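Q: the following block contains a protein sequence and its predicted model.
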Amino acid sequence: MRSKSFGPEVSNATRISCTMSRPWLCAPLMSFDDPTTDRGALRAKLLAARLSLPDRDERTVALQEALRVWLLGREETRIGGYWPIKGEFDPLPALYRWSEGAPGRRIGLPVSDRGSGSLSFRVWFPGCPMEPDHHDIPKPKGTAVFEPQMLLLPCMGYGPGGVRFGYGGGFYARTVAAMVPRLFTVGLCYSNGFLPFLRAVEGEAPLDALVTDDGVVWQRNDNA
């Protein structure tokens, strides 16, 4: 298995914005606002909605640009990303462009440990050898161990105050809790996944920032 490669950068002329001619692209397609909803059922609804997005390409272009622009103001040089599955937003094109912007910038991808239920990271670059992990998700093969300063997390959904709604396995929560020094965590999600009544579960820290196709919708003041 080989890693993905990237073609020419998307021009600014193709950007879709909430202030342009199609503002409905920024509105949620479905409303998941019942605080009593079973979390498993909610995940199934969110996944089905994400997989059936009719405007995925436009949302992806907008989120790619929002992430790239936001990263310009950050000082971190080591960022952990993820390989997208199940219709998740793909952060790797934006990260690759970011890595080309200055020497010393590096990207890592997670490797899950079935025994500990946590993640480690390996260096990733376009074209590096890849192999499937035990979840059949591609991971770098034979590259160096990687220690990120910032971690990009895929979200099934998100709530007010940087609350992330994930797959429920706890891999990211355990990984972030064990990291010293603490990682700066950034959630990535399409804006139709907003859950206005979502609250964090016990022991789960909120994200430091959250970026969607609407832009940066949350950032902690003490990490701004």
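A: In hand now; what should we look at? Computed from a predicted structure; not experimentally measured.

Q: so how far is Ala44 from Val69?
A: Val69 is 33 Å from Ala44, where distance means CB to CB, to the nearest Å. (C-beta placed from N, C-alpha, C; glycine too.)

Q: surely Pro93 and Gln64 touch.
A: Yes. Pro93 lies in contact with Gln64 (CB atoms under 8 Å); the separation is 6.1 Å.

Q: Gly115 - how many residues pack around it?
A: Using other CB atoms under 10 Å, Gly115 has 6 neighbouring residues.

Q: quick check, it in a helix?
A: No. Gly115 is assigned coil when assessed by DSSP: H, G, I helix; E, B strand; the rest coil, not a helix.

Q: OK, contacts around it?
A: Contact analysis of Gly115 by CB atoms under 8 Å, 6 or more residues apart in numbering lists nothing.

Q: give me phi/psi at it?
A: When quoted as degrees, to the nearest 10, the phi and psi of Gly115 stand at phi -70, psi -50.

Q: rounded mean pLDDT for stretch 77-92, please.
A: The average pLDDT for stretch 77-92 rounds to 97.

Q: what's the answer for stretch 99-115, then?
A: What stretch 99-115 shows for mean pLDDT is 92.

Q: buried ones in it?
A: Going by neighbour count (16 or more other CB atoms under 10 Å), the buried part of stretch 99-115 is 99, 105-112.

Q: from the residues you listed, which land in strands?
A: Among these, the residues falling in strands (DSSP state E) are 106-112.

Q: who's in contact with the closest residue to Pro129 other than its chain neighbours?
A: In space, and not counting its chain neighbours, Pro129 is closest to Lys141: 4.2 Å by CB to CB, 6 or more residues apart in numbering. Applying CB under 8 Å, 6+ apart to Lys141 gives the contacts 128-131.

Q: out of those residues, flag the one nearest to Arg182.
A: Cys128 (27.8 Å; CB to CB).

Q: wait, isn't that closest one in contact with Thr143?
A: Yes. The criterion here is CB under 8 Å, and Cys128 meets it with Thr143 at 5.8 Å.

Q: let me have the ones in strands among the buried residues of stretch 99-115 in JSON lines, extended by distance to Leu188.
A: JSON lines is the format used below for those (distance: CB to CB, whole Å):
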{"residue": "Arg106", "distance to Leu188": "19"}
{"residue": "Ile107", "distance to Leu188": "14"}
{"residue": "Gly108", "distance to Leu188": "16"}
{"residue": "Leu109", "distance to Leu188": "14"}
{"residue": "Pro110", "distance to Leu188": "14"}
{"residue": "Val111", "distance to Leu188": "19"}
{"residue": "Ser112", "distance to Leu188": "19"}
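
Q: out of those residues, who's nearest Leu207?
A: Within these, the smallest distance to Leu207 is 16.4 Å, found for Pro110 (CB to CB).

Q: OK, contacts around the closest residue in space to the closest one that isn't next to it in sequence?
A: Nearest non-adjacent residue to Pro110, counting by CB to CB, 6+ apart: Leu119, 4.2 Å away. Counting by CB under 8 Å, 6+ apart, Leu119 touches 110-113, 171-172, 175.
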